[in-house]
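[1] Need the 3D shape of this:
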Amino acid sequence: MAAPQIQPAKPPLRQPVTSVWGVGEERAKQLARLDIFTVEDLLLHKPRRYEDRRKFLAIRDLQLKEAATVRGKVVAAGTKTWKKGLRAMFECILDDGTARLHCRWWQSYPWMEEYFAVGREFLVFGKPESLRPRTIDHPETEPIEPGEDEFVHVNRLVPIHPLTEGLTARVMRTLLWRALEKFVAAPRQSAANFPDWNIFEERTAALSRAAATLPTRANAVHMIHFPEELTDVEIARQRLALDEFIALQIQIQTRRKKFEAAAKALPCGGDGNRLIKPFLGRLGFKLTGAQARVLREIRADMGGAHPMRRLLQGDVGSGKTVVAAGAALMAMESGFNVALMAPTEILAEQHFRNFSGWLAPLGLRVELQTGSRKTSNTQHPTSNAEQTRSSHSALRTPHSALLTIGTHALLTSGFDLPKLGLVIIDEQHKFGVTQRETLVRKGAYPHLLVMTATPIPRTLGLTLYGDLDVSVIDELPPGRGAIKTFVRPADKLPKVWEFLREKLKAGRQVFVVYPRVEDDSGERGLKAVTKGFDNLRKNLAPFRVGLLHGRLKSAEKEAAMADFRANRANVLLATSLIEVGVDVPNATVMLIENAEAFGLAQLHQLRGRIGRGAHESFCILISDAKNPEACERLRVLEETNDGFKIAETDLKLRGPGELLGQQQSGLPRFRFGNLAEDLALIRQARELAANFLG
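    Numbering: from 1, shown residues only. Modelled structure (predicted):
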């Protein structure tokens, strides 16, 4: 008979939370609702705030509704019942020699009379509900035992943790105290129990003086729950956040190293003469210094040993599309095909027009593939026959490089582009990481350039995009008109209509944006384009108003955009569909109604549809919002056009989860790290991870 196999014991960190005294099956279910399953989960359950319960007041000095701690002896206690015994209240009375305090609980349990026995001394914390008599309902209490000088719930800075139904603050605090006493109390004990907590201890201290000044992880965990002073909390948080960031950076950098070891770069640097030189000569304007610098960075990548993985960010109107064209031409000079994916048909079609105008004179083919249109000619399609022509017919000519522009249609199994050398993804935040990888896998490690006109906060650039090299276009082309932004209440709309008519009479064009297509959302007061179209035409008569929203057919959308570009429509009433892919230099006014219904980055993108010509432009945000966060968003837009400042503010207001969507972002859930504030820690973690990996 074979000897039974002995399973190795789980490390203390990985032991179930039931190994903490007082956690049975029912308590474990409650903790599971807080994502607490192991000892480590419990120890890393961060307090949401702290209460200072060290200051004692005499009972006579208690103030109504003001939290305080008092100390006194029980002089009376008992249960009161009424309504024929259906309800019970337990009450005990404390005396400290200055006055008496009535403590009441609106439930009575058999153990309470023994616990609050006459003559026993207690510390009590709470807010008086009445001063005649002095009364606190459901106070926090801690008995004072002879010779005992440590208290969990009073007489200290007390942590208040996130809770769930059936789990009180007192119980959570007690469980954490027990876990700390059992697993972390003695330094030797914690080092032995949790060696993985000390992975970075010695190496971090050796590599960074700043990190060496932080407490050990074990001490930090104790400090975060039961600090001696409030200043301890931030020190402990920084230590625990640094560990989180180091772990993430090691993961990011390990993935990048494995990728570079496995992938050999395609030679896509081009020669710089056959296509790029004539392209730049035909542009009609000179590249900005930032554009030229970024093109040099891209050329170095595409001619390097490893496939390019680069993020190109720049504010609205900074000229990213021209840089993308330059990158495409490098690949095409080298004989490779290029795919460019955009999130909307409108943006894809605009790219198709722009790239066709730039590349067709160079003898290059540009094709469009969206859910509703496929074309293989280099001119903008005008007939149904052209719109339905297969984009794959041209692929059978192997000697001519091809640029295919499309939407999510490029992700389908039916799309295939031989000899794919470069993938460009525009407005990358509209796509998930999986979608990006799906397109890249259609080639053999093609180069990748992802672009965004929504500037990315620096902390996210080092975490979410930590495996990408970053290029920034930090200057706008010359000759752009300034954009002035104003926030106005709805009762000022009559004056706004007058202002719009003045600009229309001067020959300019106007965008008007509503948050809804139809008035079917159930949200009162939000304007819808279908319902407001006739009213807008009356307000701006005799000027012609076009209509654009997501429920129109593709041909109807294209017709509406064509009319607006040609100034056959003076005003375009639209939803946020126009936030990307619309470039009409003559449009100088953007009116956004119910502006509080849009996100900060979205408002900045919408505003970026104007200011694209030489004329001064105006963005008018109509809102009667009273919500502080909504008011802050609008205030920021009124004060600055700097997309990077706006991005930092957006991160602080919403946090990364809401800003990016957790599923799309791929970011871990940080317990202690703060992506809106911890730039210095993230930079330090990146350096430490690089040194750690050698």
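
[2] quick check: mean pLDDT across the lengthiest helix in the chain?
    What stands out as the longest helix in the chain, according to DSSP state H, is helix 230-262. Confidence over helix 230-262 (mean pLDDT, whole number) is 90.

[3] Next: stretch 422-437.
    Stretch 422-437 comes out at a mean pLDDT of 79.

[4] Quick one: residues in contact with that stretch.
    268, 302, 308, 311, 320, 324, 327-328, 330-331, 336, 338-343, 347, 351, 408, 411, 439-440, 443, 446-454, 580, 660, 663-664, 666 (C-beta atoms under 8 Å, 6 or more residues apart in numbering). The way it works is simple: take the backbone N, C-alpha and C, and place the C-beta from them, glycine included.

[5] do that again at 6 Å, thanks
    324, 331, 338-343, 439-440, 446-452, 454, 580, 664, 666 (C-beta atoms under 6 Å, 6 or more residues apart in numbering).

[6] likewise stretch 29-40?
    Contacts for stretch 29-40 (C-beta under 6 Å, 6+ apart): 12-15, 17, 42, 45, 164, 166-167.

[7] Please narrow those residues to those residing in helices.
    Using DSSP H, the contacts of stretch 29-40 in helices are Leu42.

[8] So which residues of the stretch 301-450 of the chain form helices?
    Remark: helices assigned in the stretch 301-450 of the chain by DSSP state H, counting those that start in this stretch are 320-333, 345-359, 384-387, 433-440.

[9] closest one to Glu145 among these?
    Smallest distance to Glu145 across the helices of the stretch 301-450 of the chain (C-beta to C-beta): 56.2 Å, for helix 433-440.

[10] Pretty sure Arg537 sits in a strand.
    No. Judged by DSSP: H, G, I helix; E, B strand; the rest coil, Arg537 forms no part of a strand; its state is helix.

[11] how far away is it from Ala685?
    Noted for Arg537: a distance of 57 Å to Ala685, by C-beta to C-beta, to the nearest Å.

[12] Next, the buried residues of the longest helix of the chain.
    Using 16 or more other C-beta atoms under 10 Å as the burial criterion, the residues of helix 230-262 that qualify are 232-233, 235-246, 248-250, 252-253, 256.

[13] ok, now stretch 637-645?
    Buried-residue list, stretch 637-645, by 16+ other C-beta under 10 Å: 637, 641, 643-644.

[14] Next: stretch 415-427.
    Applying 16+ other C-beta under 10 Å to stretch 415-427 flags 415, 417, 419-427 as buried.

[15] From Leu34, how far out is Glu145?
    Counting by C-beta to C-beta, the gap from Glu145 to Leu34 is 31 Å.

[16] More neighbours: these two, which one.
    Leu34 (16 against 10; other C-beta atoms under 10 Å).

[17] Backbone dihedrals for that one, please?
    phi -100, psi 20 (degrees, to the nearest 10).

[18] So if I had to pick from Arg537 and Ala685, which one is more boxed in?
    Legend: neighbour count by other C-beta under 10 Å for Arg537 and Ala685, higher for Ala685 (30 against 16).

[19] ok, and what's touching stretch 110-119?
    74, 77, 90, 92.

[20] same check, this time on stretch 156-168
    30, 33-34, 45, 47-53, 169, 172, 225, 227.

[21] Just the buried residues of it, please?
    Buried residues in stretch 156-168 (16+ other C-beta under 10 Å): 156-159, 161, 167.

[22] now, which of those residues lie within strands?
    Assigned to strands by DSSP state E, the following of the buried residues of stretch 156-168 qualify: 157-159.

[23] Check whether the residue lying closest to Leu280 once chain neighbours are set aside sits in a helix, strand or coil.
    Once flanking residues are discounted, Leu280 sits nearest to Leu287: 7.1 Å by C-beta to C-beta, 6 or more residues apart in numbering. Reduced to three states with three-state DSSP, the structure at Leu287 is coil.

[24] Just put the buried residues of stretch 637-645 in JSON lines and tack on pLDDT.
    JSON lines is the format used below for the buried residues of stretch 637-645 (pLDDT from 0 to 100):
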{"residue": "Leu637", "pLDDT": "93"}
{"residue": "Asn641", "pLDDT": "88"}
{"residue": "Gly643", "pLDDT": "85"}
{"residue": "Phe644", "pLDDT": "83"}
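
[25] so Tyr50 sits in a strand?
    Yes. Counting by three-state DSSP, Tyr50 falls inside a strand.

[26] Please tell me how far it sits from Lys65.
    With C-beta to C-beta as the criterion, Tyr50 and Lys65 are 20 Å apart.

[27] Name the residue in those two with the higher neighbour count.
    Neighbours were counted for Tyr50 and for Lys65 using other C-beta under 10 Å; Tyr50 has more, 16 against 9.

[28] for the more buried one, what are its contacts?
    Contacts of Tyr50 by C-beta under 6 Å, 6+ apart are 157, 159.

[29] picking that back up, out of the contacts of stretch 110-119, which comes closest to Gly481?
    The nearest one, if we look at those relative to Gly481 and count by C-beta to C-beta, is Phe90, at 72.9 Å.

[30] Run through the bridge partners of the closest one.
    Judged by DSSP bridges, the bridge partners of Phe90 are Thr79, Trp105.

[31] these two touch, right, it and Tyr109?
    No. Phe90 lies out of contact with Tyr109 (C-beta atoms under 6 Å); the separation is 7.4 Å.

[32] Compare these two (neighbour count), which wins?
    Neighbours were counted for Phe90 and for Tyr109 using other C-beta under 10 Å; Phe90 has more, 19 against 11.

[33] Now do the SS call for Glu181.
    Per three-state DSSP, Glu181 ends up helix.

[34] how close does it sit to His225?
    11 Å.

[35] Have a look at those two and say which one is more surrounded.
    Just comparing Glu181 and His225: by other C-beta under 10 Å the higher neighbour count belongs to His225, 25 against 12.

[36] Thank you, goodbye.
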